[in-house]
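Undergrad: have a look at this prediction, sequence included:
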Amino acid sequence: MSYVYRFFNQRSGEHFYTSDPAERNNIIYQLPDFGYEGIAMTIPIGGSTQAVYRFYRKDTGTHFYTANAAERDSIISNLSDVYSYEGPAFNAASTPTGTAKQAVYRFYDASRGVHFFTTNDSERDAVLANLPNYSYEGIAYYAAPPPSVPRSGALDEAWYLAAYPDVRDAVNAGLTTASAHYAAFGQREGRLPNSPDALAGDNSVISGYSAPNYGDTVNGGAGNDILQGGDGSDVIFGETGNDYLYGLQSDTLNGGSGDDTYYANSAGVVITEGLNAGNDTVYIGFSGTFNLPANVENVRLTYGFSSPLTIVGTTSSDVIALPEQRYDSDSLVPSSIEIFGGAGNDTIVGLRDSLIHGGSGNDLISSSYWRQFRYQDNVLTSGNDTLYGDEGNDTLVAGAGIDWLSGGSGADEFLYDFATTSRYAAVTLDKSTGFSGTTIITDFQPGEDHVRLLGSSLNAQQVLERFSDYSSTTPGYSSGVRGIFSASDFPLAYGGTLLTIELHNVSMAQLSASAFTIG
């Protein structure tokens, strides 16, 4: 069975359709402005079917679909300056058939130059009644209706107990079982859908798909599901499997067991994740303050994210690694990001111009790069970052730009990675552009802290000889020692490499070669 998937473009107000699962997944992962709305229709099998053709409108960034070959040819011949032809999108029927009984209704908004399609009679009626700017153009074609959801399956007892600690405690005490509790209380309390056997398969569900629902409960059951909240405060359970959960407004998301991926597109989204329930990731798609949920191991940013943003870690060992994004221009690169690691041994990688606090624990904190992605080219660029290790024995990884590093208490390591194969992906350099920057270490403690250079052609004594005392007259800058390094100090031909390291409030009399580690 093949399906047509629907997205809502929040910028243009247009719906986008595709039958290609790879295209669907790419949009889900890379384009958060496109809200995934699940399966819109089923592609009919057998009978008299024909292609539905897809066009891209250049001035509005929207799409148009037609099953009429004459209309397709007319647009190609007469409107090529407005529309780009993208070829057949999927198959449908021009008249109702045994499998293609669902009419697809077409509307046109002349003021914006966009079309709207729906298979839902209630949605059609709502547009006719409430949106006079949309002209009804009739039935575009016929398709098979989407599958009923959710599908059949069995109660996932392991997930049920992980999701509801009160039930787990009662089961551990021998007072009940998961199935017995659900039959007696869970169904009435709305902990699962009306039937526990409605919970298996790889589902694609959006809350309020068939009507404007508010405060829905959506369950994925077994399988790898894609679930999205709609209007209102929805409760979404992924349960068993590697699920994708999309939260809007004030939705509550629980992926259950498996390696789940959460998309928090509003500050009101609440994520609850059980202990040892998988290796989970959350993508942040809003500005403001985001508190990393307990038991969610990784945090990323969605494409096109806007700042400012404050990320607050948990008491566990968090992985907050932001730079695995691809941005099309400087305007999409976030700035004004502040990260608090909290307790635990955290790994934190901020985007450029970040302010990072490791908190307690032995943390790995990296000055950042952002990856510009155009036509398969990768360019890595760092910004001006401020990194605080705080308590513990921390590793602070410096990058290009003007970085301020403070290790805090503990024996800290200040690391530069110039190796051919970087051990720290966050500071991998683009060999064509080189490395240029100044690192200011504000609280270097001789005899306890050390500077480590990976990939340098110098030995520790030679590194020491690059340093000398200096006195600063610049407000905000303390006197100390300064070391200057060039491309010849590294085995690779980094173009334009120039690195300056300043250790504030330190004198050469306090330093020895033991303050530096090579490799």
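TA: Perfect, I can see it now. What you see is a predicted model; the values in this text were computed from it and never measured. Residues are numbered from 1 along each chain as shown.

Undergrad: tell me if Gly437 really is in a strand.
TA: Yes: the assignment for Gly437 is a strand, going by DSSP: H, G, I helix; E, B strand; the rest coil.

Undergrad: tell me how many other residues surround Gly288.
TA: Gly288 has 11 neighbours, counted by other C-beta atoms under 10 Å. Where C-beta positions appear, they are placed from N, C-alpha and C, glycine not excepted.

Undergrad: residue contacts, it?
TA: Gly288 sits next to 267, 308-310 when contact means C-beta atoms under 8 Å, 6 or more residues apart in numbering.

Undergrad: if I look at it, how far off is Met41?
TA: Separation of Gly288 from Met41 (C-beta to C-beta, to the nearest Å): 37 Å.

Undergrad: do the same with Val114
TA: For Val114 relative to Met41 (C-beta to C-beta), the value is 20 Å.

Undergrad: higher neighbour count, the two?
TA: Comparing Val114 with Met41 by other C-beta under 10 Å, the one with more neighbours is Met41, at 24 against 21.

Undergrad: confidence score at the more buried one?
TA: What the model reports as pLDDT for Met41 is 84.

Undergrad: which other helices and strands contact the helix or strand hosting it?
TA: Met41 belongs to strand 34-42 when assigned by DSSP states H and E. In terms of contacts (3 or more C-beta pairs under 8 Å, 6 or more residues apart in numbering; DSSP states H and E), strand 34-42 is packed against strand 3-9, strand 14-18, helix 21-30, strand 204-206, strand 226-228.

Undergrad: any idea which of these is most buried?
TA: strand 226-228 (a mean of 26; mean count of other C-beta atoms under 10 Å).

Undergrad: what pairs with the helix or strand just after that one, and is each one parallel or antiparallel?
TA: Following strand 226-228 in sequence order, the next helix or strand is strand 235-237 (DSSP H and E). Its sheet considered, strand 235-237 pairs with strand 217-219 (parallel), strand 252-254 (parallel) by DSSP bridges.

Undergrad: next one: the last one to chain centre, how far?
TA: Relative to the chain's own centre, strand 252-254 is displaced by 16 Å; criterion: C-alpha atoms, centre = their mean, to the nearest Å.

Undergrad: C-alpha coordinates for whatever helix or strand comes next after that strand, PDB please?
TA: Next in sequence after strand 252-254, counting helices and strands by DSSP H and E, comes strand 261-264. Coordinates of the C-alpha atoms in strand 261-264 are reproduced here as PDB (Å, rounded to 0.1, in the frame of the first residue of the first chain):
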ATOM      1  CA  THR A 261      13.100  11.800  18.500                       C
ATOM      2  CA  TYR A 262      11.100  14.800  19.900                       C
ATOM      3  CA  TYR A 263      10.400  18.000  18.100                       C
ATOM      4  CA  ALA A 264       9.500  20.800  20.600                       C
END
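
Undergrad: one step back: show me what counts as buried in the helix or strand just after the strand holding Met41.
TA: Proceeding N to C from strand 34-42, the next assigned helix or strand is strand 50-57, under DSSP H and E. For strand 50-57, burial by neighbour count (16 or more other C-beta atoms under 10 Å) applies to 51-55, 57.

Undergrad: so which residues make contact with stretch 97-109?
TA: Residues contacting stretch 97-109 (C-beta under 8 Å, 6+ apart): 41-42, 44-49, 92-93, 96, 114-119, 124, 127, 131, 133-145.

Undergrad: report the buried residues of that stretch.
TA: 97, 99-100, 102-109.

Undergrad: next: stretch 285-296.
TA: Those buried within stretch 285-296 under the rule 16+ other C-beta under 10 Å are 285-287, 290, 292-293, 295-296.

Undergrad: swap in stretch 128-146?
TA: 134, 140-144, 146.

Undergrad: out of those residues, what pair is the most spread apart?
TA: Pairwise distances among those were taken by C-beta to C-beta; the largest, 25.0 Å, belongs to Tyr134 and Ala144.

Undergrad: now, of the contacts of Gly288, which are buried?
TA: Among these, those classed as buried by 16+ other C-beta under 10 Å are 309-310.

Undergrad: so which one among the contacts of Gly288 has the lowest pLDDT?
TA: Scoring the contacts of Gly288 by pLDDT puts Pro308 last, at 78.

Undergrad: which element is Ile348 on?
TA: Residue-wise, Ile348 maps onto strand 347-349 under DSSP H and E.

Undergrad: which secondary structure elements does that strand sit against?
TA: The helices and strands touching strand 347-349, judged by 3+ C-beta pairs under 8 Å, 6+ apart, are strand 319-321, strand 364-366.

Undergrad: what about that strand, distance to the chain center?
TA: 16 Å.

Undergrad: kindly report the same for stretch 446-460.
TA: The answer for stretch 446-460 is 35 Å, by C-alpha atoms, centre = their mean.

Undergrad: contact partners of that stretch?
TA: Under C-beta under 8 Å, 6+ apart, the answer for stretch 446-460 is 407, 411-420, 422-423, 441, 444, 463, 466, 485, 488-492, 501, 506, 510-519.

Undergrad: in that stretch, which residues are buried?
TA: Neighbour-count burial for stretch 446-460 [16+ other C-beta under 10 Å]: 449-456, 458, 460.

Undergrad: from the residues you listed, which shows the smallest pLDDT?
TA: Where pLDDT dips furthest among the buried residues of stretch 446-460: Gly455, at 75.

Undergrad: what about it, distance to Thr272?
TA: Distance from Gly455 to Thr272, by C-beta to C-beta: 43 Å.

Undergrad: again with Glu239
TA: Counting by C-beta to C-beta, the gap from Glu239 to Thr272 is 13 Å.

Undergrad: most widely separated two among the buried residues of stretch 446-460?
TA: Checking the buried residues of stretch 446-460 with C-beta to C-beta, the most distant pair is Asp449 and Gly455, at 20.4 Å.

Undergrad: more crowded one of Glu239 and Thr272?
TA: Glu239 (29 against 15).

Undergrad: thought that one was touching Asp260?
TA: No: with contact defined as C-beta atoms under 8 Å, Glu239 does not count as touching Asp260 (9.8 Å).

Undergrad: hang on, the earlier thing: C-terminal to the strand holding Ile348, what's the next element?
TA: Moving toward the C-terminus from strand 347-349, the next helix or strand (DSSP H and E) is strand 354-357.

Undergrad: give the pairing partners of that following strand; include direction for each.
TA: Counting by DSSP bridges, strand 354-357 is paired with strand 337-340 (parallel), strand 386-388 (parallel).

Undergrad: off-centre distance for that strand?
TA: From the chain centre to the centre of strand 354-357 is a distance of 19 Å (C-alpha atoms, centre = their mean).

Undergrad: what's the average pLDDT for it?
TA: pLDDT averaged over strand 354-357 gives 76.

Undergrad: how about stretch 21-32?
TA: 77.

Undergrad: now swap in stretch 97-110 and tell me
TA: Stretch 97-110 comes out at a mean pLDDT of 87.

Undergrad: ditto for stretch 403-415
TA: Averaged over stretch 403-415, pLDDT sits at 84.

Undergrad: can you list contacts of it?
TA: For stretch 403-415, the surrounding residues in contact (C-beta under 8 Å, 6+ apart) are 358, 362, 367, 382, 384-398, 424, 437-445, 448-454, 517.

Undergrad: that older thread, reformat the buried residues of stretch 128-146 into a markdown table and put pLDDT and secondary structure next to each item.
TA: Converted to a markdown table, these look like this (pLDDT from 0 to 100; DSSP: H, G, I helix; E, B strand; the rest coil):
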| residue | pLDDT | secondary structure |
| --- | --- | --- |
| Tyr134 | 89 | strand |
| Ala140 | 92 | strand |
| Tyr141 | 91 | strand |
| Tyr142 | 89 | strand |
| Ala143 | 87 | strand |
| Ala144 | 82 | strand |
| Pro146 | 70 | coil |
